[in-house]
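> Sequence first, predicted model second:
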Amino acid sequence: MALAALPGIHRAMILAVASTICAAVTNGIIRSLSGEMHPFEIAFFRCLLGVLIFVPIIGRIGFARLKTQRLGLQLVRGGIQGVSMLLFFMALSLAPLAKVSALSFSAPLFATLLALLILGEVIRARRVTAVVVGFLGTLLIVRPGWEVIDIGSSMVLVSSAMAGLVYIVIKVLSRTDSSLTTTLFGALVATPVTLVAAIPVWTTPSLGHLLPLIGIGTISSLSNLCRAQALKEADITVVAPFEFLKLPWVALIGYAYFAEMPDIWTWVGGAIIFVATTYIAYRERSIKSKGSTAGSGVA
């Protein structure tokens, strides 16, 4: 049966699973390629390919429709995104894949905390509890005091915090700029940022590197596309739970190709973080729905 013939919620579930598989495969390719190329250089090519994807779109709609009213903030957002990507790619080369994936679930926790500190959003007891529980899950994975916090784990946590900040900036930009404009500026700014980081460690890619580099750009873009379409087909409460599948996928790839076996704390901590962030997403969705209902005058 063709995907289009399925009910929307079923299509969303299939697309959500496909998104997690693509994300896991992308991380596996990055990890494998980092043995031959510096992660900063891989990040640059990922950004460059991301820009090239927009070329036909820009050619069709023109630059005029991509004008921004917040150029300074767009530049800041792109710079933060570039540094966050550099740290995440570096973490993939240093820490076990499953550990990096589990810790990366913490980005929405940082976003919620930053929304309170920067935007002054009101965060009530339930979401505060979810944030605290989520960070406890993070502590279970890194276990400071019992284990030495490795540089890879530190990098992915800083990357997640910066990703959380990117969420906040995008939220501000959404008031004036289109999502397409913000996405394009993010790619345009992140590309030179990653290039500057890559130049000191640059090695000219061989023909054998081109296929995995193209694979990283293509498969990661496919992951984003599948997730975006899944969210269009169904509510976030349907799509979000499937994000946890990234952990078993990357654990399988790590075991099969890199002989990595995640410990029990990675699984437990990752599950706790994921449940906490999923609940936060659910609460935000519920609050927005109630606000829309109240605004429309429906009881």
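Done, it's in. Residues are numbered from 1 along each chain as shown.
> Now for the closest residue in space to Ser106 that isn't next to it in sequence, how many residues are close by?
Nearest residue to Ser106, sequence neighbours excluded (Cβ to Cβ, 6 or more residues apart in numbering): Ser160, at 4.7 Å. Quick note: C-beta positions are derived from backbone N, CA and C, even for glycine. Residues within reach of Ser160, counting by other Cβ atoms under 10 Å, total 26.
> Let the chain start at 50 from now.
Sounds good: first residue 50 from here, last item Ser209.
> can you list contacts of the helix or strand Ser209 falls within?
Ser209 belongs to helix 200-222 when elements are defined using DSSP states H and E. With contact meaning Cβ atoms under 8 Å, 6 or more residues apart in numbering, helix 200-222 is reached by 117, 119, 122-123, 125-126, 129-130, 132-134, 136-137, 139-144, 148-149, 152-153, 155-164, 167-168, 187, 190-191, 231.
> Which of those residues fall in strands?
Using DSSP state E, no member of those falls within strands.
> Buried ones only from these, please, as a ChimeraX command.
To isolate the buried subset of the contacts of helix 200-222 in ChimeraX, counting by 16 or more other Cβ atoms under 10 Å, use the following:
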select :117,119,122,123,125,126,129,130,132,133,134,136,137,139,140,141,142,143,144,148,149,152,153,155,156,157,158,159,160,161,162,163,164,187,190,191,231
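> Run the chain-centre distance for the helix or strand hosting Ala277.
Following DSSP H and E, the helix or strand that holds Ala277 is helix 256-282. Centre-to-centre, helix 256-282 and its host chain are 13 Å apart (Cα atoms, centre = their mean, to the nearest Å).
> avg pLDDT for the host helix or strand of Val288?
Using DSSP H and E, Val288 sits within helix 285-288. Regarding helix 285-288, the rounded mean pLDDT is 71.
> And the helices in the chain, which stretches?
Per DSSP state H, the chain carries helices over the ranges 57-82, 88-110, 120-143, 146-153, 156-163, 174-191, 200-222, 228-247, 256-282, 285-288, 295-307, 313-345.
> okay, these, which one's buried deepest?
Highest mean neighbour count of the helices of the chain: helix 146-153, a mean of 28 (counted as mean count of other Cβ atoms under 10 Å).
> List of residues touching it?
Applying Cβ under 8 Å, 6+ apart, the set of residues contacting helix 146-153 is 73, 76-77, 80, 137, 140-141, 187, 190-191, 201-202, 205-206, 208-209, 212, 295-296, 299-300, 302-303, 307, 309, 311, 315-316, 318-319, 322.
> mean confidence for it?
93.
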